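Participant: have a look at this prediction, sequence included:
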Amino acid sequence: MKFWITLLVAGITLPFQAHSEGDLTRQTPIVVEVELGTTEGEMRFSPSHLEFETGKLYRLVLINNSPQPHYFSSNGMARSVFTRKAQTYAPDGQRTAEIKGHIHEIEVFPGHKADWWFVPVQTGEFNDLTCPVAGHQEAGMTGSIRIY
Ligand SMILES: [Cu+2]
């Protein structure tokens, strides 16, 4: 009787078990914050150079406290990471969306935040971080990313 109860409990709990240890997207994320623009309206990424290690889960938090919308866009980085999800946050901190699938670039509106959860899978150095809003790249919204 005891044996069958044990089996029954094991059978019920199995689907709720933690993810496989090999699932790199289930690590505790390393949080990296980047400011898009500044409150004074300056056109820059702060910091403008980012480094990520392959095989680690990152939560890249994109913060826009500036008066304009800004993008975070890097083709090199987008090609070199596996995305778990992206999430958006209203100015009051409320989570407003969770997006699954491959992410290419993210636009964040004034006062809003977004985060991008990814695992870098390929090394590379990319000098293509930019904000494609007209005039922003020329005004200084550029940066570089190294994946090692
Ligand atoms: Cu911009």
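Facilitator: Structure received. Residues are numbered from 1 along each chain as shown.

Participant: the protein against the ion: which residues are in contact?
Facilitator: Contact residues (CB under 5 Å from the ion) of the chain with the ion: 70, 131, 133, 136, 141. Placement of C-beta: from N, CA and C, glycine included.

Participant: who does the residue nearest to the spatial centre of the chain bridge with?
Facilitator: Taking CA atoms, centre = their mean, the centroid of the chain lies closest to Trp116, which sits 1.6 Å from it. The residues listed as beta-bridge partners of Trp116 by DSSP bridges are Leu60, Ala86.

Participant: which parts of this protein are helices?
Facilitator: Using DSSP state H, the helices of the chain run over 2-13, 75-80.

Participant: least confident of these, on average?
Facilitator: Of all those, the minimum mean pLDDT falls on helix 2-13 (a mean of 51).

Participant: hmm, back to that, correct me, but the residue nearest to the centre of the chain touches Leu57?
Facilitator: No: counting by CB atoms under 8 Å, Trp116 stays clear of Leu57, with 11.2 Å between them.
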